[in-house]
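1. okay, here's the prediction I keep looking at, along with the sequence it came from:
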Amino acid sequence: MSIFIQLLLNGLIAGAIYALVAAGFSLIYSTNKFIHFAHGVVVTFAAYFLYLMFAVLGINFCLSVIFTIICAGLLGWIINEFVYKTMRKRKASSVILLIASVALLILLESLILLFFGPSVKTINFLEGGIGVNIFGAMITSLQIVIIFIAIILFFGLWLFMKKTILGKAMRAVSNNKDVAEIVGISSKQIYAWSFIVGSSIAGIAGVLISMEQNLDPVMGTNLIIKGFTGSIIGGIGSVPGAIIGAFLLGLVEVLGIWFLPSGYKDAIAFIVLFMFLIFRPQGIFGKKDFSGKII
Amino acid sequence: MLEIKKISKDFGGVKAVNNCSFKVEPNTITALIGPNGAGKSTLFNLISSVIKSDTGKIFFDKKDITNLPPEKVSNAGISRLFQKARLFENLTVEDNLLLALDHTDTKFWFNLFCKTPKQTDKIQKVEKMLDMLGMKKTKNMFAKDLSYGQKRLIELGRTILNPHSFLMLDEPVAGVTPELRDKIANILIELKNQGETILLIEHDMNFTLGIADRVIVLDQGSVLIEGTPKQIKNNKQVLKAYLGE
Amino acid sequence: MLSAYIIHLLILIGIYLILCLSLQLALGYTGLLNLGHIAFYAIGAYTSALLTLSGVPFIVSFLMAGIVSALFGYLLAFSTNKLKGDYLALATLGFTFVIYAIALNWTDLTNGALGLAGIPKPDLGILQIKSNAFYLFFVSITAVFSYLIINKIVKSPFGKVLEAIRDDELAVRILGKNTFKIKNYSLAVSAFFAGIAGSLYAHYITFIDPSSFGFMQIIPILSIVIIGGIASLRGTVLATFVLVLLPEPLRFIGFPSSVVGPVRQIIYALMLLLILMYRPKGFYGKVSLE
């Protein structure tokens, strides 16, 4: 029984991390309507940036974190401004934008690899050693912090989307870009803002992940796959759906390891993704008349 | 020839086609008319199975073709022209038309191992069609380089070349010049005289009432009335449907 | 010394050529955005290596590499038949990761991260290919043969159907053609040649491990196909020569391999990005990626 609870907890922690990636990804998708695969490398960038600020340069931790989040948002803005915007001007389709984002992912990952080397890095800010015992399962205080921050963040994001003018404008563009433009919302600006907000969330994800895991230059690929799969499970383009989907993915993965060797953990996400793409591309919560890529 | 029985299609709460039934008799030109949003194109999509119906049946030559894959509907003998241009943009006009003729081109091993089969008889057919359309000059042009009117004509040619016993044309003369419109009208009448059956959607009333034998008026997804062009012309119900309450 | 290096480069070009031409068939001619091409390459390499290591003659393993890959290609196409555009791209990308995970974790079969060593050089019965010069000859013949077959396919009426599917699949179905079946063939043939390329690679290097078949490896191939131009075999050939040779000077400058690896990826990714931004037709392509 305690093993089961332990697995459940592990799944929840993994899910929280995936959900942090999925939330930003899904926010960007909802307005921009293409798969920004390079979102994963923004997370990696944030983690390494924090490493540089805090562990290498020895800057105050809080200051490093704030700086990291700002720089992640800035990176998102730069990516949109200098790559996607140029391509959108040429009326590039979502497929072309996807290929470009894969190229971006590899480009930035390789740059990080070049500067920081292939060896894994660690940030020791909070020693997560002391565990808390819940029904016989162990959870570290750091993991509790991660789940706690994730939940606050999701609540904040929800408030942002519901209450602020910018959030409402984003939802308007997401629903119908043309109608939104008629009402006077500049979709170009909203695209840019989605990248800034979404990438800042990726920055927060990067900070939390860097405290929990070792950093490695290609971790972004893995993270965006998990985040993307979570978004598909919950219905792509819906931020709350993506968050729930990501948590579900975390649980499925952990439970899957019961049946498969742990090396297949990442493959499980793909099998889930495959199943959803083929049988239910609109996700669990998506509307039935999904008018996506299927005739 | 074609029989629609109580077919319905719902798009997220909007009944695009609602319990619609009618028949198309052989060797006639039948026109589907009705105001925008009456469900004409949806009905076409249902017949050619581009979208699946919720309820109801479609029979073609007494065979049930409801919700078959589109290629099977086509092979049953229904050839269709779309409302928006759907030529293969990066192929030449000739290749576009050759594709419609038969399915030897889908046989992988045959095409891989046999010396490219002589297509002289097929090319002759294509040239005859281009001749009929008056488009011989465009034979080796890429489809993307044609004007809108030329594209429509080539597409009409492709639809006619596709082996069929029944033609469905969705707005064949929308957006073409008056000369071209008359040309298409002549082509369609000529086809009918050769024994063809045609179902068409058209907003241009002069064109439609000029060539149709029967007219079916759709409104809000079902048949409002049907009859000869003369009967339809002066019908008050039809007028009301077009002008609104 | 120099001639050995040139032979080595030419062998690599030959292998890449087969890999890129086969991707061109699926991506450029059929419009299937297959990001899982590396997986077929991996399947071919492992199939061939495992068979030869267990005593099967080279020529049989070589052909089986293609056939097993083709089978996987057919299955992948079959299961993703309804997916289009970016959804297909992601599903095929996922396929790469699944194959990679299997290569890494099914240690009984693949020897996991340690890889398979001592893959014998080809033995064609009458003649044994021991020298690289002779191997180059074999690779060249295979590459030319692949080019001829793919060229024959795309120039035949079947090739026109493929192009029609790329331009407008629904319109092809309305003409009464079973596009699912045709797409299955296209991806199976594409996978066949990728598998053969994988076999050539395995027997040349004589050692394979999962790291040679990671997701990143798709970038050079994708760059070559797109930069050469969509639906242009000539462009693909030219781009393969230029792009495989392009990062080579890095070695002469004397950078360590830990730098050459990432810089190579950076060059390819950057080129791909720039071509997508400023010239999406590629250099020889007539068709714009939609």
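-> All right, it came through fine.

2. and the residue of chain B closest to chain A?
-> Relative to chain A, the nearest point of chain B is residue B:12 (5.0 Å; CB to the nearest CB). For glycine as for every other residue, the C-beta is placed from the backbone atoms N, C-alpha and C.

3. residues near that residue, how many?
-> Neighbour count for residue B:12, taken as other CB atoms under 10 Å in any protein chain shown: 9.

4. cool, residue C:282 as well?
-> 26.

5. does it count as helix, strand or coil?
-> coil (DSSP: H, G, I helix; E, B strand; the rest coil).

6. which residues does the nearest residue to it once chain neighbours are set aside contact?
-> Using CB to CB, 6 or more residues apart in numbering or on different chains and skipping the chain neighbours, the partner closest in space to residue C:282 is residue C:229 (3.3 Å). Counting by CB atoms under 8 Å, 6 or more residues apart in numbering or on different chains, residue C:229 touches C:28, C:235-236, C:239, C:281-287.

7. quickly name whichever of these is closest to chain B.
-> residue C:287 (4.7 Å).

8. the closest one against residue C:230, yeah?
-> Yes: here residue C:287 lies in contact with residue C:230, judged by CB atoms under 8 Å, at a distance of 4.6 Å.

9. which neighbours do the two share?
-> In contact with both residue C:287 and residue C:230: C:28, C:281, using CB under 8 Å, 6+ apart.

10. so those two - more neighbours on which side?
-> residue C:230 (25 against 22).

11. surely the more buried one is in contact with residue C:28?
-> Yes: contact criterion CB under 8 Å: residue C:230 and residue C:28 qualify, at 4.4 Å.

12. quick check: neighbours shared by the two?
-> Joint contacts of residue C:230 and residue C:28 (CB under 8 Å, 6+ apart) are C:285, C:287.

13. count the residues that sit near residue 90.
-> Using chain A here. Residues near residue A:90, counting by other CB under 10 Å: 14.

14. right idea, wrong chain: chain B
-> 20.

15. same deal with residue B:152?
-> Residue B:152 - counted by other CB under 10 Å - has 22 other residues nearby.

16. my read: it touches residue B:172, true?
-> Yes: assessed by CB under 8 Å, residue B:152 is found in contact with residue B:172 at 7.0 Å.

17. report the buried residues of the helix-or-strand element of chain B with minimal mean pLDDT.
-> Least confident helix or strand, chain B: helix B:236-243 with a mean of 74, by mean pLDDT, DSSP states H and E. Counting neighbours by 16 or more other CB atoms under 10 Å in any protein chain shown, one finds that the buried residues in helix B:236-243 are B:238, B:241.

18. ok, stretch B:18-36 next?
-> B:18, B:20, B:22, B:24, B:28-35.

19. let's have the residues you listed in a markdown table, adding distance to chain A and pLDDT.
-> Output for the buried residues of stretch B:18-36, formatted as a markdown table (distance: CB to the nearest CB, whole Å; pLDDT from 0 to 100):
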| residue | distance to chain A | pLDDT |
| --- | --- | --- |
| B:18 | 17 | 87 |
| B:20 | 20 | 89 |
| B:22 | 26 | 90 |
| B:24 | 25 | 91 |
| B:28 | 31 | 91 |
| B:29 | 29 | 92 |
| B:30 | 27 | 92 |
| B:31 | 27 | 91 |
| B:32 | 23 | 90 |
| B:33 | 27 | 87 |
| B:34 | 23 | 85 |
| B:35 | 23 | 83 |
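
20. so of those, which ones are in strands?
-> B:18, B:20, B:22, B:24, B:29-33 (DSSP state E).

21. burial count for the residue nearest to residue C:95 when sequence neighbours are not counted?
-> With CB to CB, 6+ apart as the criterion, residue C:95 has its nearest non-adjacent residue at 3.9 Å, and that residue is residue C:36. Look at residue C:36: counted by other CB under 10 Å, it has 31 neighbours.

22. what helix or strand is the residue of the stretch 1-150 of chain C found nearest chain B located in?
-> Nearest residue of the stretch 1-150 of chain C to chain B (CB to the nearest CB) works out as residue C:149 at 7.3 Å. Using DSSP states H and E, residue C:149 sits in helix C:132-155.

23. can you name every helix or strand that that helix contacts?
-> Contacts defined by 3 or more CB pairs under 8 Å, 6 or more residues apart in numbering or on different chains; DSSP states H and E place helix C:132-155 against helix B:108-113, helix C:2-23, helix C:157-167, helix C:179-205, helix C:233-245.

24. now the angle from that helix to helix C:233-245?
-> Between helix C:132-155 and helix C:233-245, the angle comes out at 150 degrees (axes from the mean of the first three to the mean of the last three CA atoms, to 10 degrees).

25. and helix C:132-155, what's buried?
-> Those would be C:132, C:135-136, C:138-139, C:142-143, C:146-147, C:149-150, C:152-154, for helix C:132-155 by 16+ other CB under 10 Å.

26. could you do stretch C:101-119 as well?
-> Buried residues in stretch C:101-119 (16+ other CB under 10 Å): C:101-105, C:110-111, C:115-116, C:119.

27. how about the helix or strand hosting residue A:19: buried residues?
-> Counting by DSSP H and E, the element that carries residue A:19 is helix A:2-32. Neighbour-count burial for helix A:2-32 flags A:6-32 (criterion: 16+ other CB under 10 Å).
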